[in-house]
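Trainee: What follows is a predicted protein model with its sequence.
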Amino acid sequence: MNEVNGIAEVEVRSDGLGFAGLYAQALGSMAPPYNCIVVGSVIAALSGHGIAAAFLLAGFAMMFYGITIVSLADNVTSTGGLYGMVGSTLGRRAALWFGGALVLNGLFSIPATVVSAAYLLQLIVGAWAPSNVFAQSWLLWVAILTPLAFLVSYLGADVSARVVLTIIGCGMIAIVFLDVTIMAHVGLNAVPWSTLYEPTQGGAGRSGMMLSVGVAVITLAGSESAIYLAGEARNPKRHIPWAVYGSIGAAALFYLLTSLAFSAALPSNSLADLWGKNGPEVISKLGTTYISKGFAIATLSLVAASAFAGVISFINYIARVMLAMAEDRYLPASFAVLDSRQSPWISITVLAVLTVASFAIGYCMLGDRPDGAITFFTWLYFGVTLFLISNYILICVSAVVHGKSKGNSGLRTYIAPFVTLGIMLLATKAELTPLPPPPFDVASWFAIGLLAFVVIYAEWVVRGRVVEAKIPRS
């Protein structure tokens, strides 16, 4: 185990994941079928037919983010990924800030995505059999999905990658099939191509479009998760850049095609009402109209399954970051123990326990009603946004410092990081300005309080008030 600036380079294995596995991890963290329909509903409500332009601009902008993280990933060959690079360029404090915020992000995003998938499945069953027990409780679906996701993650990165890629691939194929069917029925002349270069024709003003792009950026976040599994990749220097660029490009094209097809099928005001007010309903209506009700239900099930796949990806990379932090003595040493499958099983188990605890808290506060699931998901989502933004800022600063020390090009050293920073500030404005109404405003302040705790803890650790323990290895 090597150390740079006190940050351990943890090598889990050298002959594991190839390009497909890393690509599955990156694409799984984005969960395009889920993000397109659920988060896309927010963009549709803001911009109407301008949604295609919002996705196009976000895709172009996020390629700069891809350049930024790839410039750092060129030197990552160990588990922990960007956490280790932030530490090697900015020091131990920044590493702990970054790792702490990333773990907090996992503690919020894992339960939030599980709840969202459970809610979708509850609605799907309710459409077929309203009196069925699975149509009455989102918590019942949570009890099924949560252990299943952690089991798949426990079985190792390779098994997880196969499951995730299969689910995400099937979901994207189903929606693309719907897109192509719609365009074949209505004709290419019905597609509102002009909104790509004059997006305000879609019904939104300039401010609405700016907010739409900010939200669209969030749907393309997650490609960096492949970097956290570098220690389990056969050839990380070669495969990680392709996984990052490929996942961003595939997701952006998928969003663009779907938004254009749905815009062609529905007038702008209908798009905003149907997709904007109830995301899953747009699949139900268009799928039934252009193909069949059975196809619509199957596609909605794949949308929910893609959220489940996203949970598996979250667990995988958050557990690897916890492993790396344990190697650096920032978390209990036992978190670094690996099993025979090279899985950090103690880190995964701790994540599972904390996830179940968050469900218990949500149930006690909000009950098992459908509106309780929506409130719980939204509350957690605002916390996730703040944790992501704080880490993206550290990534940008780290890329500048790293680029200057290595003599990288101006694009990698300055242009891409500063464009990325601007994108993330726009996304922050879209999510948090103005602050959401109660009770969601409390989520933002709670997240800020947790980030402050991480900063204080980092200072305590760096000043030597934590006794280093010997790391047990399997």
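Mentor: Structure received.

Trainee: Could you pull up the contacting residues of residue 179?
Mentor: 257, 258, 260, 261, 262 (Cβ atoms under 8 Å, 6 or more residues apart in numbering). C-betas here are computed from N, CA, C, even on glycine.

Trainee: what's the closest non-adjacent residue to the fourth one?
Mentor: Spelled out, it's residue 261. Closest residue to residue 261 apart from its sequence neighbours, by Cβ to Cβ, 6 or more residues apart in numbering: residue 179 at 3.7 Å.

Trainee: Check what pLDDT that neighbour gets.
Mentor: Residue 179 is assigned 96 on the pLDDT scale.

Trainee: and the one helix or strand it maps to, how far from the chain's centre?
Mentor: Element membership for residue 179, per DSSP states H and E: helix 157-186. Helix 157-186 sits 17 Å away from the centroid of its parent chain (Cα atoms, centre = their mean, to the nearest Å).

Trainee: which stretches of the chain form strands?
Mentor: Assigned by DSSP state E, the strands in the chain fall at 2-4, 7-9.

Trainee: Residue 118 - nearest residue in space that isn't next to it in sequence?
Mentor: Closest to residue 118 by Cβ to Cβ, 6+ apart is residue 141, at 3.5 Å.

Trainee: Now do the one you found against residue 121, distance only.
Mentor: Residue 141 sits 5 Å away from residue 121, going by Cβ to Cβ, to the nearest Å.

Trainee: go on, residue 379?
Mentor: 20 Å.

Trainee: Also residue 196?
Mentor: Distance from residue 196 to residue 121, counting by Cβ to Cβ: 35 Å.

Trainee: Kindly report the same for residue 286.
Mentor: In terms of Cβ to Cβ, residue 286 sits 20 Å off from residue 121.

Trainee: With neighbour numbers in mind, choose between those two.
Mentor: The neighbour count for residue 286 versus residue 121, taken as other Cβ atoms under 10 Å, is higher for residue 121 (25 against 22).

Trainee: if I read this right, that one contacts residue 137, doesn't it?
Mentor: No - using Cβ atoms under 8 Å, residue 121 is not in contact with residue 137; the gap is 10.6 Å.

Trainee: what about the residue nearest to residue 118, neighbour count?
Mentor: So residue 141, with other Cβ under 10 Å, has 22 neighbours.

Trainee: Go ahead and confirm it touches residue 135.
Mentor: No - counting by Cβ under 8 Å, residue 141 stays clear of residue 135, with 10.1 Å between them.

Trainee: list residues touching both of these two?
Mentor: Listed as contacting both residue 141 and residue 135 by Cβ under 8 Å, 6+ apart are residue 122.

Trainee: sorry, back to before: separation between the residue nearest to residue 118 and residue 462?
Mentor: Counting by Cβ to Cβ, the gap from residue 141 to residue 462 is 43 Å.

Trainee: again, but for residue 316
Mentor: Taken as Cβ to Cβ, the span from residue 316 to residue 462 is 28 Å.

Trainee: These two: which has the busier surroundings?
Mentor: Taking other Cβ under 10 Å, residue 316 and residue 462 do not tie; residue 316 has more neighbours (27 against 15).

Trainee: residues touching the residue nearest to residue 118, list them.
Mentor: 117, 118, 119, 121, 122, 134.

Trainee: Farthest-apart pair in those residues, please.
Mentor: Maximum pairwise distance in the contacts of residue 141, criterion Cβ to Cβ, is 13.1 Å, between 117 and 134.

Trainee: so where's the protein shaky on pLDDT?
Mentor: For the chain, the stretches with pLDDT under 70 are 1-15, 76-79, 199-207, 430-437, 464-474.

Trainee: Mind doing that once more with 50?
Mentor: Along the chain, segments meeting pLDDT under 50 span 1-2, 4-10, 12-14, 467-474.

Trainee: how much space between residue 75 and residue 84?
Mentor: Here residue 75 is placed at a distance of 9 Å from residue 84 (Cβ to Cβ).

Trainee: more neighbours, those two?
Mentor: Ranked by neighbour count (other Cβ under 10 Å), residue 75 and residue 84 place residue 84 first, with 33 against 17.

Trainee: I'd guessed the more buried one sits against residue 92; true?
Mentor: No - if you go by Cβ under 8 Å, residue 84 and residue 92 don't touch, sitting 11.4 Å apart.
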